[in-house]
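K.L.:
Got a predicted model here, sequence first, then my questions.
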Amino acid sequence: MSAYIGALDQGTTSTRFMVFDRHGRVVSMAQKEHEQIYPNPGWVEHDSLEIWRRTLEVVDEACDARGLRPKDFAAIGITNQRETTVVWNRETGLPIYNALVWQDTRVADYVTRFAQEGGNSRFREQTGLPLTTYFSGLKIRWLLDNVKGAREDASSGKLLFGNMDSYLLWNLTGGVNGGIHVTDVTNASRTQLMNLATLDWDPELLTIFDIPRSMLPEVRSSSEVYGNLTRTHLSGVPIAGILGDQHAALVGQTCFKPGEAKNTYGTGCFLLLNTGEKPVISKNGLLTTVAYKFGKEPARYALEGSIAITGALVQWIRDNLGLIQKSEDIELLANTVKDNGGVYFVPAFSGLYAPYWKDSARGVITGLTRYANKGHIARAALEATAYQTREVVEAMEADSGISLEQLRTDGGMTANDMLMQFQADILDRTVVRPVIKETTALGAAYAAGLAVGFYKDTDDLIANWSIDRVWKPQMEGTQRDEHYKKWKRAVTRSFDWTDD
């Protein structure tokens, strides 16, 4: 029997391929970054062809590093940056335009137009999502309206749409030579085109957004065999799992019971709470989404709090301000001061996501005095992640009626001990980091493994989960309240910065 399971993790800033053994331990890994393209303020793009090249490279490099061949793999899964939108020509395989990244805000005018009838919650009942620049549907509409000849080609059946999962799956299974055009329910639920009840494309929404159904992939479960690889060293290996990145992290953290939650600290921050077999429509600015669907089992749903800028703020301090050379240096810089010096940093670079959903907000740094230095700015940047997470936790508890006892964390920023302690302090909750921190890739591997019998059931996956470190609150209540009050005041300063 094959010894390993693979996961292709296509993220916002990089693509990597990870190989896991049966116990969830990493056997091999290769990772490569891709360019972030900013043509105009608020516009964020990726070169889809560059990401496709990086995909081929990391799969081959990770396999070559350990001499792995197809017989060594039971299957591979795919996890991906959600909402990032690719439209390509089915006859040539070429994208008609750069991918529009989930952070991109160019569709703000569409949001205003569609919200005129019914407000920003116009489609929340069907989709669980507010009208905002975040989701794929309006990005498809922008491409059809603004790329010359795109609408005509779409109407004649020449164009295909996908988030990165569909785009890569189509290419990996043959591309123009029979590539498979499907997506899973988690990615489909992030387009604002899928109905949460039917788990399929909603005809009314397609008509309203003026998007031909022929462009869209078939919606399938998150754990089943979709097809076999025809490219890379792993030709013939089945692709058997697809999960949007945050849903994959929920699975990787084995949050299979209603009430269990995880927070992933990556480019953005995403907190998901398993709500079971029925969707809970939020009244406090959260998203209702599909958590996962394993084969023929009923879909599980989740409440999600999405924060646009967390790890990306560290990258901005590194690349735009030059205060640090490597992202991990921010903890050293932040520890050169004993507190934030009264400085608060609201990173609303592309508006505010949960629980505010204010596209017109922009980033602000408040509380600056002559006393403030780069250490205070670094500390304020890290603290912003923890404050935003508290806002989401409060909204989640209000919607669900569940009081979280602990927060399971994962993602690159969890290596920052100062941030994790401050997170526990400002939340007044226990924060837990698992032994395996890269739970996004692990979740995709788990979904693929379940589909092919590499794992018997979710109990096998739960047995793999173990704690690496626990942080408990140490901050006095009055100090916590004062910090949070000033944070909330700083957030209001970011509101309505743009006129549209």
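P.N.:
Now that the structure is in, tell me what you want to look at.
K.L.:
Is I239 in a helix, a strand, or coil?
P.N.:
Following DSSP: H, G, I helix; E, B strand; the rest coil, I239 is assigned to strand.
K.L.:
OK, contacts around it?
P.N.:
Residues near I239 by C-beta atoms under 8 Å, 6 or more residues apart in numbering: 75-78, 169, 172-173, 225-229, 448. Where C-beta positions appear, they are placed from N, C-alpha and C, glycine not excepted.
K.L.:
can you check S214 too?
P.N.:
So S214 contacts 154, 157 (C-beta under 8 Å, 6+ apart).
K.L.:
Report pLDDT for it.
P.N.:
pLDDT recorded at S214 is 96.
K.L.:
And the longest helix seen in the chain, how far out from the chain middle?
P.N.:
Determined from DSSP state H, the single longest helix within the chain is helix 374-400. Centre-to-centre, helix 374-400 and its host chain are 17 Å apart (C-alpha atoms, centre = their mean, to the nearest Å).
K.L.:
returning to what we had before: what about burial for the contacts of I239, which qualify?
P.N.:
Neighbour counting over the contacts of I239 (16 or more other C-beta atoms under 10 Å) leaves 75-78, 169, 172-173, 226-229, 448 as the buried ones.
K.L.:
From those, which land in helices?
P.N.:
169, 172, 448.
K.L.:
Out of the buried ones among the contacts of I239, which comes closest to E260?
P.N.:
Distance to E260 across the buried ones among the contacts of I239 (C-beta to C-beta) is lowest for G77, with 20.8 Å.
K.L.:
ok, the closest one - contacts?
P.N.:
G77 is in contact with 5-8, 239-243, 248, 443-449, counting by C-beta under 8 Å, 6+ apart.
K.L.:
Does L313 lie in a helix or a strand, and which?
P.N.:
Per DSSP states H and E: L313 is located in helix 311-316.
K.L.:
packing partners for that helix?
P.N.:
Contacts defined by 3 or more C-beta pairs under 8 Å, 6 or more residues apart in numbering; DSSP states H and E place helix 311-316 against helix 374-400.
K.L.:
low-confidence ranges in this protein?
P.N.:
1, 500 (pLDDT under 70).
K.L.:
who's sitting farthest from the centroid in it?
P.N.:
R370 (37.9 Å; C-alpha atoms, centre = their mean).
K.L.:
State the distance from that residue to V343.
P.N.:
To V343, R370 is 12 Å away according to C-beta to C-beta, to the nearest Å.
K.L.:
quick revisit: list the buried residues of the longest helix of the chain.
P.N.:
375-393, 395-396, 399-400.
K.L.:
One more: stretch 79-89?
P.N.:
Applying 16+ other C-beta under 10 Å to stretch 79-89 flags 79-88 as buried.
K.L.:
ok, so of the residues you listed, who is nearest W316?
P.N.:
Comparing the buried residues of stretch 79-89 against W316 with C-beta to C-beta places Q81 closest, at 17.8 Å.
K.L.:
do you know how far the closest one is from E45?
P.N.:
In terms of C-beta to C-beta, Q81 sits 13 Å off from E45.
K.L.:
cool, G227 as well?
P.N.:
Taking C-beta to C-beta, one finds G227 at 28 Å from E45.
K.L.:
next one: L333
P.N.:
With C-beta to C-beta as the criterion, L333 and E45 are 30 Å apart.
K.L.:
Same check on A74?
P.N.:
36 Å.
K.L.:
right, and S235 touches K71 too?
P.N.:
No - S235 lies out of contact with K71 (C-beta atoms under 8 Å); the separation is 11.6 Å.
K.L.:
my read: L160 touches G93, true?
P.N.:
No - with contact defined as C-beta under 8 Å, L160 does not count as touching G93 (9.5 Å).
K.L.:
which one of those two has more residues nearby?
P.N.:
L160 (22 against 18; other C-beta atoms under 10 Å).
K.L.:
Spatially, and excluding backbone neighbours, which residue is closest to the more buried one.
P.N.:
R90 (5.0 Å; C-beta to C-beta, 6 or more residues apart in numbering).
K.L.:
same deal with Y110?
P.N.:
L138 (4.7 Å).
K.L.:
So the one you found belongs to a helix, correct?
P.N.:
Yes - under three-state DSSP, L138 falls within a helix.
K.L.:
hmm, who's touching stretch 476-493?
P.N.:
By C-beta under 8 Å, 6+ apart, stretch 476-493 touches 342, 344-346, 352, 356, 364, 366-367, 383, 387, 390, 425-426, 428.
K.L.:
rerun at 7 Å
P.N.:
Outside stretch 476-493, the residues that touch it by C-beta atoms under 7 Å, 6 or more residues apart in numbering are 344, 346, 364, 366, 387, 390, 425-426, 428.
K.L.:
what do you get for stretch 452-462?
P.N.:
Contacts of stretch 452-462 with the rest of the structure, by C-beta under 7 Å, 6+ apart, involve 5, 74-75, 225, 238, 240, 254, 256, 446, 449.
K.L.:
And that stretch, how far out from the chain middle?
P.N.:
Using C-alpha atoms, centre = their mean, the offset of stretch 452-462 from its chain centre is 24 Å.
K.L.:
What is the neighbour count of L68?
P.N.:
A total of 20 residues lie near L68 under the criterion other C-beta under 10 Å.
K.L.:
so who does it touch?
P.N.:
4, 19, 28.
K.L.:
Specify the local secondary structure of it.
P.N.:
L68 - assigned by three-state DSSP - is coil.
K.L.:
any idea how far it is from S28?
P.N.:
From L68 to S28 the distance is 7 Å (C-beta to C-beta).
K.L.:
between the two, what contacts are shared?
P.N.:
Counting by C-beta under 7 Å, 6+ apart, the residues touching both L68 and S28 are V19.
K.L.:
surely S221 meets D184?
P.N.:
Yes - taking C-beta atoms under 7 Å as the definition, S221 is a contact partner of D184 at 6.4 Å.
K.L.:
Comparing S235 and K71, which shows the higher neighbour count?
P.N.:
More crowded of S235 and K71, by other C-beta under 10 Å: S235, with 12 against 9.
K.L.:
Against R190, how distant is that one?
P.N.:
Where R190 is concerned, S235 sits at a distance of 30 Å (C-beta to C-beta).
K.L.:
T84 and D165 touch, don't they?
P.N.:
No - at 9.9 Å, T84 does not count as touching D165 under the criterion of C-beta under 7 Å.
K.L.:
ok so, going back, inside strands: which ones of the buried residues of stretch 79-89?
P.N.:
Residues of the buried residues of stretch 79-89 located in strands (DSSP state E): 79-80, 86-88.
K.L.:
Can you pick out the most distant pair from these?
P.N.:
T79 and V87, at 21.3 Å, using C-beta to C-beta across those.
K.L.:
picking that back up, doesn't the residue farthest from the centre of the chain belong to a strand?
P.N.:
No - assessed by three-state DSSP, R370 does not belong to a strand; its assignment is coil.
K.L.:
Let me see the ranges of the strands in the stretch 101-250 of the chain.
P.N.:
Assigned by DSSP state E, counting those that start in this stretch, the stretch 101-250 of the chain shows strands spanning 159-162, 182-184, 194-195, 200-201, 218-220, 223-228, 238-244.
K.L.:
Quick one: residues in contact with the fourth one.
P.N.:
For strand 200-201, contacts defined as C-beta under 7 Å, 6+ apart pick out 193-194, 213, 216, 219.
K.L.:
For PyMOL, write a command that selects the buried ones of the residues you listed.
P.N.:
The PyMOL selection below is limited to those of those classed as buried (16+ other C-beta under 10 Å):
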select buried, resi 193+194+216+219
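K.L.:
Identify, from the contacts of strand 200-201, the entry nearest to N464.
P.N.:
Closest to N464, out of all of the contacts of strand 200-201 and judged by C-beta to C-beta, is V219, at 28.9 Å.
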